[in-house]
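Undergrad: coords below, sequence missing:
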């Protein structure tokens with residue numbers, strides 16, 4: 001079985017396949033605002049027919065896992081556009 005983990009301060013954080021793929025996509029485009037459409041296309045695939053709020057749900061899962069009171073916000077929402085990975 002393949003596992004996907006992120007290490008924060010040497011602490012392993014297990015990620016689901018989609019959480020990992022979403023974070024990987026955001027990390028491959030740091031500081032760049034990515035539209036919801038681009039995220040859906042690149043992480044879920046062009047033919048995705050699931051729930052319209054799937055990105056928000058997975059962004060929330062990642063934020064809960066990688067952002068806490070000791071860390072700055074990493075995944076920022078750009079209203080009406082999408083998301084960007086950056087510090088502060």
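TA: Good, I have the coordinates. Owing to the predicted nature of the structure, the values given are computational and were not obtained by experimental measurement. Residues are numbered from 1 along each chain as shown.

Undergrad: ok, longest helix in the chain?
TA: Looking across the chain with DSSP state H, the single longest helix is helix 54-66.

Undergrad: tell me what it is packed against?
TA: strand 4-8, strand 11-15, helix 17-27, strand 75-78 (3 or more Cβ pairs under 8 Å, 6 or more residues apart in numbering; DSSP states H and E). Heads up, the C-betas are built off the backbone N, CA and C, glycines and all.

Undergrad: note down every partner strand of the lowest-mean-pLDDT helix or strand in the chain and its orientation.
TA: Lowest by mean pLDDT, DSSP states H and E among the helices and strands of the chain is strand 4-8, with a mean of 81. Paired neighbours of strand 4-8 in the sheet (DSSP bridges): strand 11-15 (antiparallel).

Undergrad: what does the strand it pairs with contact?
TA: Residues from elsewhere that reach strand 11-15 (Cβ atoms under 8 Å, 6 or more residues apart in numbering): 3-7, 23, 62, 65-66.

Undergrad: in it, what's buried?
TA: Neighbour-count burial for strand 11-15, with 16 or more other Cβ atoms under 10 Å as criterion, is recorded at residue 15.

Undergrad: likewise stretch 30-44?
TA: So stretch 30-44, judged by 16+ other Cβ under 10 Å, has buried residues 34, 36, 39-40, 42-44.

Undergrad: wait, doesn't residue 86 sit right on residue 76?
TA: Yes: using Cβ atoms under 8 Å, residue 86 makes contact with residue 76 at a distance of 6.2 Å.
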